[in-house]
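Colleague: Fold the following, please.
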Amino acid sequence: MTVTYHNVEQNSAAWYAARCGILTASEMKLIITPTLKVASNDKERAHLYELLAQRINNYVEPHYESFDMERGKFDEEHARTKYSDTWGKVTECGFITNDRLGFPIGYSPDGLVGDDGLIEAKSRIQKWQMQTMIECVAVGAIPADFIIQCQTGLFVAEDRQWLDFLSYSGGMPMPAVRCYPDPVIHEAIGNAAIAFETRLAEKREIYEKLLASDARIVPTERLLQL
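Modeller: Below is the predicted model of the structure:
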């Protein structure tokens with residue numbers, strides 16, 4: 001077991017550098033289907049080429065930050081504080097990696113709880129919060145859209161025993177739904193990650209052979225820094 005905790009601030013230059021080219025929990029849904037099969041579609045291919053470009057160029061392109069993303073950061077901080085005040089002290093950690101498959105998979109937790117727990121906080125507008133409360137929390141479940149991310153977090157931080165999923169919408173109750181490592185999902189995550197890395201290696205070989213060929217290719221410099 002190789003679990004590494006990286007002491008970096010999330011969304012900082014050091015955080016982007018730590019996760020450059022690495023398959024992460026938030027993106028795992030792009031390479032695995034809801035039925036736990038290896039994905040083969042446009043989103044999976046786009047992500048493959050994105051990570052391949054990051055690995056070769058050692059560069060993460062900037063992304064536009066929407067209002068929803070800004071709200072998410074704001075709500076995450078308040079969810080973390082509310083959880084600390086109610087259930088247990090939370091400490092922050094920028095990034096976790098695990099290379100037990102022979103290559104790293106990463107996870108950016110929203111918080112660590114003691115020596116055993118994690119939290120994953122999601123910002124919801126009120127209609128989705130209401131739906132989550134009635135359709136998921138009432139039966140002790142996590143919304144389907146977030147199961148793969150949460151389970152990948154537990155897969156990466158395999159020294160942790162549980163994860164509390166927080167659904168936060170200011171002015172409404174905030175639930176904490178606990179989940180535990182699911183061996184069936186973890187096996188599917190491992191299979192999908194291995195298949196993805198195999199395809200990525202194949203594409204990298206094609207790229208490197210192309211550069212070594214007599215194709216009409218000229219190097220350029222990155223002049224625009226955003």
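Colleague: use CA for all of it now, contacts and neighbours both
Modeller: Fine.
Colleague: where does this structure have its least confident helix or strand?
Modeller: One helix or strand of the chain scores below all others by mean pLDDT, DSSP states H and E: helix 67-86, with a mean of 86.
Colleague: Please list the outside residues in contact with the helix or strand just after that one.
Modeller: Next helix or strand after helix 67-86 toward the C-terminus (DSSP states H and E): strand 90-91. The set of residues external to strand 90-91 that reach it, using C-alpha atoms under 8 Å, 6 or more residues apart in numbering, is 80-81, 83-84, 111-114.
Colleague: returning to what we had before: chain center to the least confident helix or strand of the chain: distance?
Modeller: 17 Å (C-alpha atoms, centre = their mean, to the nearest Å).
Colleague: If you count neighbours, what's buried in it?
Modeller: 72, 75-76, 78-80, 82-83 (16 or more other C-alpha atoms under 10 Å).
Colleague: tell me which strands and helices that helix is in contact with?
Modeller: Counting contacts by 3 or more C-alpha pairs under 8 Å, 6 or more residues apart in numbering; DSSP states H and E, helix 67-86 packs against strand 90-91, strand 117-123, strand 162-168.
Colleague: now for those, which one comes closest to L36?
Modeller: Nearest of the helices and strands packed on helix 67-86 to L36, taken as C-alpha to C-alpha: strand 162-168 at 20.1 Å.
Colleague: quick one: strands adjacent to the closest one?
Modeller: Strand 162-168 has its sheet partners listed here by DSSP bridges as strand 117-123 (parallel), strand 176-179 (antiparallel).
Colleague: For these, could you give me CSV that also reports distance to I206?
Modeller: Compiled in CSV, the strands paired with strand 162-168 are given as follows (distance: least, C-alpha to C-alpha, whole Å):
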stretch, distance to I206
strand 117-123, 38
strand 176-179, 41
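Colleague: quick one on the thing from earlier: which pair in the contacts of strand 90-91 spans the largest distance?
Modeller: Taking C-alpha to C-alpha, the two most distant members of the contacts of strand 90-91 are T81 and G114; they sit 14.9 Å apart.
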